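Asker: Okay, predicted coordinates and the sequence, questions at the end:
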Amino acid sequence: MTGAGEVPTGGPGWAYFFDLDGTLVDLVDVPAEVQVDGGLRRQLTALHQATGGAMALISGRTLRDLDALFPGVQLPAAGQHGLERRGADGRTVRHQPPPGLEEARRILATGDPRLELEDKGLSLALHYRRAPGLGRYADQLVRTAAASAGPGYAVLQGKDIVELKPAGQDKGVAVREFLDEPPFQGRRPIFLGDDVTDEDGFATVNARGGASIKVGAGDTVARWRLRDVRSVRAWLDRALKAVDAA
């Protein structure tokens, strides 16, 4: 579902949440090759300061990867779809995976060499962006690994990626956890994302009376839509003006 009219930009009393890949930066074949330009760093740093710290990244990437992309500034962030989360106070919580991840890692390592296995420590991901014809094979392989790992694991599909992760943590849970803590507490949430993995975040934001914004095409529970990353960057400028208007 998407709403009509101008996409809301929030303002004073709002908390801001952003997916990274496909939302703030364009998708690339090799995720490790993503670069964040100085303009985006300045936009996010300014919004973080203007909201009193009520802005967070909600990503499938690890916190280590996110910090490498934003050197010199430590933003509140949820990594690995919420398996690890750093609050505004700098404290990091990591949800340890149940037994079985090592066996799943072994199974996925035996897959087609055209697939890229990303070991995130708490979760595993198979990328097939460089071999799109292997999407079904990748999904089957990850499901085989999940069955071997046991009932404590879930399969998560995204854009040209299939992930194996501990069940019970997702982007929606991460948003709820932030909203229970200062400086996010008591604010209306706004969340921007582009992928199926962001739908849990959209649902949480909808339930809290906030603004959910889908970037790009595709079915979604988000209530508004932006066309692409370039549109998001322009939206960020408007959001900064809305917050500074107080």
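Answerer: Structure's in. What do you need?

Asker: ok but residue 174 is inside a helix, no?
Answerer: Yes. The assignment for residue 174, made by DSSP: H, G, I helix; E, B strand; the rest coil, places it in a helix.

Asker: Contact partners for it?
Answerer: 58, 78, 81-82, 85, 201 (C-beta atoms under 8 Å, 6 or more residues apart in numbering). Just so you know, the C-beta spots here come from the backbone N, C-alpha and C atoms, and that holds for glycine as well.

Asker: try it again with 6 Å
Answerer: 58, 78, 82, 85 (C-beta atoms under 6 Å, 6 or more residues apart in numbering).

Asker: Pull the contacting residues for the residue nearest the centre of the chain.
Answerer: When C-alpha atoms, centre = their mean is applied to the chain, the residue found nearest the centroid is residue 59 (2.5 Å). Going by C-beta under 6 Å, 6+ apart, residue 59 touches 20, 79.

Asker: Pull out the buried residues from the one helix or strand residue 46 maps to.
Answerer: Here residue 46, judged by DSSP states H and E, is contained in helix 38-50. Buried positions in helix 38-50, judged by neighbour count with 16 or more other C-beta atoms under 10 Å: 40-41, 43-44, 46-48, 50.

Asker: Below-threshold pLDDT in the protein: ranges please.
Answerer: Counting by pLDDT under 70, the chain shows low-confidence ranges at 1-5, 246.

Asker: what about 90?
Answerer: The model of the chain has pLDDT under 90 over residues 1-5, 28-32, 72-73, 96, 244-246.

Asker: can you give me the helices for the chain?
Answerer: Listed in chain order, the helices found in the chain under DSSP state H are 38-50, 63-69, 101-109, 135-149, 171-179, 199-207, 229-244.

Asker: now the angle from the helix holding residue 46 to helix 229-244?
Answerer: 30 degrees (axes from the mean of the first three to the mean of the last three C-alpha atoms, to 10 degrees).

Asker: what sits up against helix 38-50?
Answerer: Taking C-beta under 6 Å, 6+ apart as the rule, helix 38-50 contacts 55, 73, 236, 240, 243-244.

Asker: Recalculate using a threshold of 10 Å.
Answerer: Applying C-beta atoms under 10 Å, 6 or more residues apart in numbering, the contact partners of helix 38-50 are 10, 12, 16, 18, 20, 24-25, 36-37, 54-57, 69-76, 88, 229, 232-233, 236-237, 239-244, 246.

Asker: Thanks a lot, see you next time.
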